[in-house]
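Q: need coordinates for the following:
(one chain, ligands or ions: 1)
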Amino acid sequence: MSAQVIDGKAIARTVQERVSLRSARFLQRHGRRPGLAVVLVGESPASQIYVKKKRDACTAVGIQSFAANFPAACPPEALLAHMDALNGNDAVDGILIQLPLPPQFDTEQIIEAISVAKDVDGFHPYNIGRLALRAPLLRSCTPAGIMTLLAETGISPKGMEAVIVGASNIVGRPMALELLLAGATVTVCHRFTQDLETHVRRAQLLVAAVGKPGLIRGEWIRPGAVVIDVGINRLPDGRLSGDVDFAGASARAAWITPVPGGVGPLTVATLLSNTLDAAERRVGTAHV
Ligand code: NAD
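A: Predicted coordinates for the structure are as follows:
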């Protein structure tokens, strides 16, 4: 078997086209563009690249982006005061803080300072709680983006044996909640899991989100599986790789996402889509 490659870039383009239309309609009705504040703390080159991508993506779909850059050594109070100002700013519909934050910050405290109505990353305990209770509002971008990838590819997780490798707050855990909501039987593996291989071999739907290149070996993949590789790892030769042995897995899977060009573009597209959801809900025109 040779897996079909899921083209995340093409699916993300479709999502962004829908966002552009909603954005234009929002401007027409409300006399302003939807607004997204993108906050960067520190000078990490990787974070700078991600933030630039998000700001550029906003421009492309007609969302006004509000930039704020704080030095790595800034006191947490300064960032919290800025959050307050953004929460009270009517032109700002969504607030995103690029993670990870420098070590002096209590990440949970900063996330919880974002108004739940503007939490377009979907990391606030309120929004995670809504997802856990089967009534999602703003959904974490990477897991929600993966659900879009699956839906647009015609794959329904209902009844599937789904295995997630990685249990972080931003990917693995909300991914488990998304798949549970979609009717999959979900196993979550993490650094203390014994015998990872046995779990992976059972997976009809595998989501790998660890950050270790080659952790998931090709021969572990169940024939006909759907393989979603979230990992982004920079190899010594400069190339990007996921967590899954792509060539080996492709020989056994039915569907597989590449790295780059798989999950990543959907994360950004979902952020834009969440911003429109937040904007429409704030002005009371959601679902029209
Ligand atoms: P994290 O470091 O917060 O979490 C990693 C998880 O992997 C932890 O739950 C840990 O227990 C688990 N783990 C570590 N070693 C393991 C092992 N040997 N076996 C099983 N589980 C193990 O990472 P994260 O923020 O969730 O990101 C994971 C990867 O996904 C990274 O490569 C990151 O760059 C990438 N990522 C990609 C996107 C995207 O849009 N494509 C978004 C977020 C993160």
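Q: name the SS class of the residue most central in space within the chain, please.
A: Geometric centre of the chain, nearest residue: Thr142, 1.8 Å, by Cα atoms, centre = their mean. Secondary structure for Thr142, judged by DSSP: H, G, I helix; E, B strand; the rest coil, is helix.
Q: next up, the contacts around it.
A: Counting by Cβ atoms under 8 Å, 6 or more residues apart in numbering, Thr142 touches Ile170, Val171, Pro174, Met175, Ala209, Val230, Val263, Leu266, Thr267, Thr270. C-beta coordinates here come from the backbone N, C-alpha and C atoms, glycine included.
Q: and Cys58, by the same measure?
A: By Cβ under 8 Å, 6+ apart, Cys58 lies in contact with Leu36, Val38, Gln64, Ser65, Leu272, Thr275.
Q: of those, closest to Gly218?
A: Leu272 (34.0 Å; Cβ to Cβ).
Q: still on that earlier bit, closest to the ligand among the contacts of Cys58?
A: Closest approach to the ligand among those (Cβ to the nearest ligand atom): Leu272, at 13.5 Å.
Q: what's the helix or strand where the closest one lies packed up against?
A: Using DSSP states H and E, Leu272 falls within helix 263-283. Helices and strands touching helix 263-283, by 3 or more Cβ pairs under 8 Å, 6 or more residues apart in numbering; DSSP states H and E, are helix 8-30, strand 35-41, helix 45-61, strand 94-97, helix 141-153.
Q: buried residues in the very next helix or strand once past the third one?
A: I take that to be helix 45-61. For helix 45-61, the following helix or strand on the C-terminal side (DSSP H and E) is strand 64-70. Within strand 64-70, the residues scored as buried using 16 or more other Cβ atoms under 10 Å are Gln64, Ser65, Phe66, Ala68, Phe70.
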